[in-house]
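**Q** Give the three-dimensional model of this entry:
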Amino acid sequence: MSEPEGGGTRPVPVLEQSEGEPDETASATAYRPPPTLSGDEKASRFWSRRRVPAALLALLVLGATGLLLYDVVAVRADHPAMRWRRELAHQLGQRPLDDTAVLAGAALAALVGIWLLVLAATPGQRGLLPMRRTHADVRAGLYRGAAATVLRDRAMDVPGVQSVRVCMKRSKVDVRAVSHFRELDDVRGDLDTAMADGIRELGLARAPGLSVRVARPGRKA
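**A** Okay, the predicted model is just below:
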């Protein structure tokens, strides 16, 4: 059985088939990716621009500020204050702090503030995987869905694979294959090699782990 470069497969015995359950074999494979631009450089995720939350917040603040400024100018010009501001001032002066409406408004304001802080402190773009940098001024990324499609096509080329499902996570590649002929250990070993080579050729900056499972088709009732 061939082994992927820089790693090896750990043989796992085929699970005994019980009534109504398919045969299955699994493995976990590691590989050594090519060196990046700098050995000490850590690949960082791409920051999302978050145009929609920023635009909504800007419109909300602009509208509230403009309305309040208009009402203040109107009062300075000897016009009565707008009804909504008089009612708001009256309610704030009459309602106690433990009132349900006051607590609900405070909770809503706190949730919005926490949400904005999370957006400001996290990069986002969870579906975009950073790739290795070969030039100091160039950064590239690969969408997880596209990477999963590439690996799935590569897995389908392995002899004995009838169908395969590839789940591309940020730190792990989960491969579930169904084999209709050949020994499961042989299919799994070839899948280990094909998937490790495929992940290496994706050029990702962070090497994800690899989990491969191979099973027989389930019996039809």
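**Q** What residues does the residue most central in space within the chain make contact with?
**A** Centroid-nearest residue in the chain, with C-alpha atoms, centre = their mean: Arg126, separated by 3.5 Å. By C-beta atoms under 8 Å, 6 or more residues apart in numbering, the contact set of Arg126 is 45, 170. C-beta here means a position set from N, CA and C on the backbone, and glycine is covered the same way.
**Q** Let's verify it: helix, strand, or coil?
**A** What DSSP: H, G, I helix; E, B strand; the rest coil gives for Arg126 is coil.
**Q** low pLDDT regions in the chain?
**A** Within the chain, the stretches with pLDDT under 70 are 1-43, 219-221.
**Q** Can you give me the domain assignment for it?
**A** Domain assignment of the chain by automatic domain parsing yields the ranges 24-37+128-215, 51-121.
**Q** and among these, the most buried is which?
**A** Between these, domain 24-37+128-215 has the highest mean count of neighbours, a mean of 17, where neighbours are mean count of other C-beta atoms under 10 Å.
**Q** any idea how far that domain is from the chain center?
**A** Remark: domain 24-37+128-215 is offset 17 Å from the chain centroid, using C-alpha atoms, centre = their mean, to the nearest Å.
**Q** If you count contacts, what does the longest helix seen in the chain end up packed against?
**A** Of all segments of type helix in the chain, defined using DSSP state H, the longest is helix 51-76. Judged by 3 or more C-beta pairs under 8 Å, 6 or more residues apart in numbering; DSSP states H and E, the packing partners of helix 51-76 are helix 100-121.
**Q** How about residues contacting the helix it packs on?
**A** In this structure, residues lying in contact with helix 100-121 by C-beta under 8 Å, 6+ apart are 50, 53, 57, 95-96.
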